[in-house]
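# Need coordinates for the following:
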Amino acid sequence: MPWEFKENRPIFQQIYDTIVIRILNGTYPMGEKLPSVREMAEQAGVNPNTMQRAMAQLEGAGLALTNRTSGRVVTTDEELIRKVRHEYAIAAAKEFMEQMRALGASGKDVFTLLDEKEVSEILKTGSESAEKNRPEVSDK
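You can find the predicted model right below:
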């Protein structure tokens with residue numbers, strides 16, 4: 001997953017969210033060592049101090065633990081992972097519903113849409129096909 005940053009939020013918060021999502025989706029498995037701050041900063045194209053700030057936030061949330069001799073590891077607390085996954089899912093659902101309301105869709109419209117064959121296929125096959133099937137939007 002590439003590192004992409006938007007102008008609307010501090011970069012360290014966006015880095016934090018990216019790492020959390022990577023923990024939730026198993027890119028960084030529970031109990032596994034995380035890449036070093038320098039390595040991750042280089043990958044993301046940011047200052048190591050910015051990455052350190054995001055990592056400190058990760059530790060504060062309990063998602064990463066520091067071992068002085070072996071660096072940071074992802075938590076093995078399954079309940080915490082479940083809780084954070086639920087929080088991120090609720091936030092994503094709220095954002096989706098706000099976008100649908102902006103399009104003028106009702107709650108019933110959304111349920112109908114989610115039941116449509118094209119959307120069901122996207123949900124079954126994952127986000128890769130969602131990107132492929134996204135309609136092009138003109139700036140006109």
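# alpha carbons only for contacts and neighbour counts from here, please
Will do.
# And the residue minimising distance to the centre of the chain, which helix or strand is it part of?
Against the mean C-alpha coordinate of the chain, by Cα atoms, centre = their mean, the closest residue is Ile21 at 3.5 Å. Ile21 belongs to helix 11-24 when assigned by DSSP states H and E.
# other SSEs contacting that helix?
Applying 3 or more Cα pairs under 8 Å, 6 or more residues apart in numbering; DSSP states H and E, we find helix 11-24 packed against helix 48-60.
# ok, whichever helix or strand comes after the helix it packs on: who's next to it in the sheet?
Once helix 48-60 ends, the next helix or strand along the chain (criterion: DSSP H and E) is strand 64-67. With DSSP bridges as the test, strand 64-67 is paired with strand 71-74 (antiparallel).
# Could you pull out the buried residues of the partner strand?
Buried residues in strand 71-74, counted by 16 or more other Cα atoms under 10 Å: Arg72, Val73, Val74.
# can you put these in JSON lines and add distance to Ala102?
As requested, the buried residues of strand 71-74 are exported to JSON lines (distance: Cα to Cα, whole Å):
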{"residue": "Arg72", "distance to Ala102": "42"}
{"residue": "Val73", "distance to Ala102": "41"}
{"residue": "Val74", "distance to Ala102": "38"}
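# Would you mind giving the residues you listed as JSON lines with pLDDT and distance to Ala54 added?
Putting these into JSON lines (pLDDT from 0 to 100; distance: Cα to Cα, whole Å) gives the following:
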{"residue": "Arg72", "pLDDT": "95", "distance to Ala54": "13"}
{"residue": "Val73", "pLDDT": "96", "distance to Ala54": "14"}
{"residue": "Val74", "pLDDT": "97", "distance to Ala54": "14"}
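# out of these, who's nearest Pro29?
Closest approach between these and Pro29, by Cα to Cα: Val74, at 6.8 Å.
# Nearest spatial neighbour of that closest one, chain-adjacent residues omitted?
On the basis of Cα to Cα, 6 or more residues apart in numbering, the spatially nearest residue to Val74 that is not a chain neighbour turns out to be Ala64, at 4.5 Å.
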